[in-house]
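**Q** model this:
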Amino acid sequence: MTRSQVSDTQQAGWVGRFAGLCAVLVVTFTAFGAVVPVLPFLVLEELDGTTFAVGAVFGVSALVALVGRPYAGRAAQRFGSRRVMLVGCLLAGLVGVLYAAPFGLPSLYGTRVLHGVAESIVFTAGSVWVVALAPESRRGQLVGYYGLAMWTGFTVGPLVGTVLRAQWGYPAVWWFAGLAPLLAAAMLLAVPTPGGSGQFTSRRLVPRTVLLPGTSLALAAFGYAALTGFVVLHLAERGIGNGGAMLSLFGVGYVVVRVLAGRLPDRVGATRVVVVCGAVEAVGLVLLTVAGTWWLAAVGALVMGAGFTLLYPSLALLVIKASPEAERGAALGAYTSFWDLGLGVAGLVTGAVAAAGYPAVFVLAAVSAVAAGVAGGIAGLRAERASG
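**A** Residues are numbered from 1 along each chain as shown. Prediction:
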């Protein structure tokens, strides 16, 4: 068999599985996203909760997901990704049913704990699967596309949840949140089982190889927190309306660059991409800081999205290359947890800094983006030295 025939055989082996895996992720995270716009109304209108309770309902699932990802990654490597993902999908279906339980806020908090577990299991086990099936020359690209599948679900889900609640009430949302993951589980059974189950796995949940790339990812999260939390207020203070469009423009830059330039980490090296992306994200944030017109702010949001998008897959590639095989599952889970940690810390810090003025928030985020590029660059150099 010639080299090209071998390549074609490998392509036929992974393309279908990867597409099926992304489809499962889209369906599952659409279910997760459908409850997001509904829960605040449920807490305030139906359960007589407070705004603090709304924040706690979302915070508890994020905290559980943060802690659970390394365990999910290690389990996927030990028992097989499809088996672990299947457990996550079935648990997500149960969560949809439990949302309808008439036991007040305590029941909802417990449901959100299980939601965090299910979310961490599905995404992390799938990421381990992606790394196992992807050709080495395309790992960065496929990790990036896999992330897009998750964000697609999170984008479509809130729209679905809003429409279902408006037309048929809360029960329709809970039915959807319960049945969609079961559909995903059925789809998952049609995807051929990946190899690699039954591997020896390290007991270490946060390998050292994760620390610098994870720190870089957490620092990059400051820009996203600044954009989502303060861009509307920042522009309104300057007399610029329609600031909410910046979120959509960020998304346009994010998606277009990841689709068109998704192979850059594989082709030119993850280290270079991380450094450049950190700088580009910082430029976008500086433009948002100084923007005196809507159009300049729009350019800043587009540039920020374009720089931000390849940071995650590039840093993930560094983690994959630097991690021993026995630690790879836990490493991927722990690495993703740094995103959750970064968003949590960034939310608190940017909220405090906003007291000094909204521009200060974006200046801080720009500095953090540069620091993310530096930390990622150092991580890449260390990985190259270790492999050399």
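**Q** Just the CA atoms of stretch 81-96, as PDB, please.
**A** C-alpha atoms of stretch 81-96 as PDB (Å, rounded to 0.1, in the frame of the first residue of the first chain):
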ATOM      1  CA  SER A  81     -14.100   7.800  26.000                       C
ATOM      2  CA  ARG A  82     -17.400   6.600  24.500                       C
ATOM      3  CA  ARG A  83     -18.300   4.700  27.700                       C
ATOM      4  CA  VAL A  84     -17.700   7.800  29.800                       C
ATOM      5  CA  MET A  85     -19.400  10.100  27.400                       C
ATOM      6  CA  LEU A  86     -22.400   7.800  27.400                       C
ATOM      7  CA  VAL A  87     -22.600   8.100  31.200                       C
ATOM      8  CA  GLY A  88     -22.400  11.900  30.900                       C
ATOM      9  CA  CYS A  89     -25.300  12.000  28.300                       C
ATOM     10  CA  LEU A  90     -27.500   9.700  30.400                       C
ATOM     11  CA  LEU A  91     -26.800  11.900  33.500                       C
ATOM     12  CA  ALA A  92     -27.600  15.000  31.500                       C
ATOM     13  CA  GLY A  93     -31.000  13.400  30.500                       C
ATOM     14  CA  LEU A  94     -31.700  12.800  34.200                       C
ATOM     15  CA  VAL A  95     -30.800  16.400  35.000                       C
ATOM     16  CA  GLY A  96     -33.500  17.500  32.500                       C
END
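**Q** Name the helix or strand for the residue nearest the centre of the chain, please.
**A** The centre of the chain sits closest to G147, judged by CA atoms, centre = their mean, with a distance of 6.2 Å. For G147, the element it lies in under DSSP states H and E is helix 139-168.
**Q** helices and strands around the helix or strand following that helix, which ones?
**A** Later in the chain than helix 139-168, the nearest helix or strand by DSSP H and E is helix 170-189. Other elements packing on helix 170-189 under the criterion 3 or more CB pairs under 8 Å, 6 or more residues apart in numbering; DSSP states H and E are helix 3-34, helix 81-98, helix 139-168. For glycine as for every other residue, the C-beta is placed from the backbone atoms N, C-alpha and C.
**Q** quick one: helix 170-189 to helix 139-168, angle?
**A** Orientation note: helix 170-189 sits at an angle of 150 degrees relative to helix 139-168 (axes from the mean of the first three to the mean of the last three CA atoms, to 10 degrees).
**Q** And helix 170-189, what's buried?
**A** Under the neighbour-count criterion of 16 or more other CB atoms under 10 Å, helix 170-189 has 170, 172-178, 180-182, 184-185, 187-188 buried.
**Q** With distance to S61 and mean pLDDT as new columns, can the helices and strands packed on helix 170-189 be given to me in TSV?
**A** Formatted as TSV, those follow (distance: least, CB to CB, whole Å; pLDDT from 0 to 100):
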stretch	distance to S61	mean pLDDT
helix 3-34	9	76
helix 81-98	10	94
helix 139-168	13	88
